[in-house]
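**Q** Turn this into a model:
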Amino acid sequence: MKAREIKTGVHWVGAVDWDRRLFDELIPLPDGTSYNAYLVQGSQKTALIDTVDPTMAEVLFARLDSLKVKAIDYVVINHAEQDHSGTLPGVLSKYPQAKVICTPKCKGLLMDLLLIPEAKIITVEDKETVSLGDRTLEFVHAAWVHWPETMLTYLREDKILFSCDLFGAHLATSELYVSDEGHLYESAKRYYAEIMMPFRPNIEKHLARLKEYNVELIAPSHGPLHRRPEFIIKAYHRWVFDPPQNIVVLPYISMHGSTRQMVNYFVEALTQRGVVVKQFELSQVDIGKLAMALVDAATLVIGTPTVLISPHPLVAYATFLANALRPKTRFASIIGSFGWGSRAKETIIDMIPNLKVELLEPVIIKGLPREADFKALDNLAAIIAEKHKGLAQASS
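**A** Sure thing, here's the model as predicted:
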């Protein structure tokens with residue numbers, strides 16, 4: 001459990017969680033994760049940037065002990081969520097002289113979530129600095145990336161950006177730095193989709209602000225470090241700024257086969273018109289992959305049977321997820337079936353107020369699809385194809 005040197009006097013002292021498969025009892029972690037913490041030793045003072053999840057506290061302490069750390073002057077908490085801050089009480093117990101540095105909003109959260117005494121906390125304003133002697137920490141407020149109290153920390157002399165959750169990835173690896181950018185891209189996109197996408201307008205502003213800084217290394221709170229910062233910054237620019245693509249995301253489920261027949265026909269109709277479809281059968285879906293698909297999609301079409309006049313519960317869950325993630329999707333529709341009555345369409349429409357979309361006429365049928373229903377699906381596919389062409393022309 002030794003620390004890993006980034007530069008002389010700057011070490012990674014985090015923990016790799018190879019076996020964790022669920023985050024917040026919600027987010028799948030197919031590749032595990034890491035909790036990155038960093039020790040910065042200046043000529044006069046020492047700062048620990050973030051801690052680790054409480055389940056990995058002993059790993060953090062073992063790495064600090066490997067450096068023979070006798071004193072920590074500051075513990076910088078970029079973000080109050082417990083996978084970052086959870087070991088803070090233990091750190092303050094082991095290093096009682098340490099003071100906590102955080103944003104004013106973070107102060108209240110640390111006092112509430114971890115019962116940190118107010119007297120232990122120093123708050124910093126945006127762009128305020130703290131000297132460690134021959135090294136300077138600058139604090140960059142980054143509200144709603146992805147909590148209201150988040151900040152980033154910039155180590156001026158070494159040009160390292162400790163970016164908190166921004167630019168992170170849930171990826172367990174023995175490699176300190178990104179080596180396979182293709183594999184990392186997938187993990188980082190999943191992370192963006194699941195955690196950052198709801199805050200896209202805020203991230204737009206913060207990406208613009210970061211142009212002020214000369215960054216040679218990005219050290220996030222999860223996943224490996226970026227020695228080529230432009231790779232992950234360009235990826236974020238694509239996900240945040242680029243117009244949606246010629247893609248339909250189609251989450252669905254079928255109880256007795258009627259909705260499945262509609263989905264099969266509809267997918268073929270879209271494909272024949274040159275539209276890319278990403279189809280998700282909801283009884284076995286990885287919600288991370290569904291979230292990733294929504295990052296780029298121009299259209300969301302929800303397929304549902306009817307359960308007691310309402311959409312199927314798994315469809316309701318996927319609809320809630322899409323609404324919460326707030327993708328840049330431009331169009332939406334609904335296809336599905338019912339036996340004796342349905343308000344599934346109305347319920348789904350009411351569930352997506354956050355999606356700034358044009359609603360295309362849904363196709364909701366009774367029983368098995370007939371010739372007229374297939375024609376309605378053909379018409380919906382044709383409308384979507386034309387809408388996508390219009391988007392492509394507008395962005396060219």
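**Q** How about the longest helix along the chain, which residues are buried there?
**A** For the chain, the helix that runs over the most residues, judged by DSSP state H, is helix 371-395. Residues Asp373, Phe374, Ala376, Leu377, Asp378, Leu380, Ala381, Ile384, Ala385, Lys387, His388, Leu391 are the ones in helix 371-395 that count as buried (16 or more other CB atoms under 10 Å). Where you see a C-beta, it was placed from the backbone N, CA and C, and this is true even at glycine.
**Q** just stretch 349-367 next, same as before
**A** Buried residues in stretch 349-367, counted by 16+ other CB under 10 Å: Met351, Ile352, Leu355, Val357, Leu360, Pro362, Val363, Ile364, Ile365.
**Q** so the third one sits right up against Lys328, yeah?
**A** No: contact criterion CB atoms under 8 Å: Leu355 and Lys328 do not qualify, at 9.6 Å.
**Q** quick revisit: any chance you could list what contacts the longest helix of the chain?
**A** The contact list for helix 371-395 (CB atoms under 8 Å, 6 or more residues apart in numbering) reads 243-244, 246, 248, 262, 265-266, 269-270, 272-275, 298-299, 301, 330-331, 333, 335, 358, 360-361, 363, 365, 369.
**Q** Got a quick ChimeraX command for the buried subset of these?
**A** To isolate the buried ones among those in ChimeraX, judged by 16+ other CB under 10 Å, type:
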select :244,246,248,262,265,266,269,270,273,275,298,299,301,330,331,333,335,360,363,365,369
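**Q** So which of the contacts of helix 371-395 are in helices?
**A** Using DSSP H, the contacts of helix 371-395 in helices are Met262, Tyr265, Phe266, Ala269, Leu270, Gln272.
**Q** wait, doesn't the fifth one sit right on Gln279?
**A** No: Leu270 is not in contact with Gln279 according to CB under 8 Å; the separation is 10.0 Å.
**Q** tell me the two of the buried residues of stretch 349-367 that are most distant?
**A** The largest separation in the buried residues of stretch 349-367, counting by CB to CB, is between Leu355 and Ile365 at 23.8 Å.
**Q** State the mean pLDDT of stretch 175-186.
**A** What stretch 175-186 shows for mean pLDDT is 95.
**Q** count of residues packed around the closest residue to Ala172 other than its chain neighbours?
**A** Take Ala172 and drop its neighbours on the chain: the residue closest to it by CB to CB, 6 or more residues apart in numbering is Gly32, 3.0 Å away. Number of residues near Gly32 (other CB atoms under 10 Å) recorded here: 15.
**Q** Please name the residues that touch Gly32.
**A** Contacts of Gly32 (CB under 8 Å, 6+ apart): Val16, Asp17, Trp18, Asp19, Arg20, Arg21, His170, Leu171, Ala172.
**Q** Next, it: phi, psi?
**A** phi 70, psi -160 (degrees, to the nearest 10).
**Q** same deal with Ile253?
**A** Dihedral pair for Ile253: phi -150, psi 160, per degrees, to the nearest 10.
**Q** Assess the claim that it and Leu282 are in contact.
**A** Yes: with contact defined as CB under 8 Å, Ile253 counts as touching Leu282 (4.5 Å).
**Q** Need the residues touching each of these two.
**A** Taking CB under 8 Å, 6+ apart as the criterion, Ile253 and Leu282 both touch His312, Leu314, Val315.
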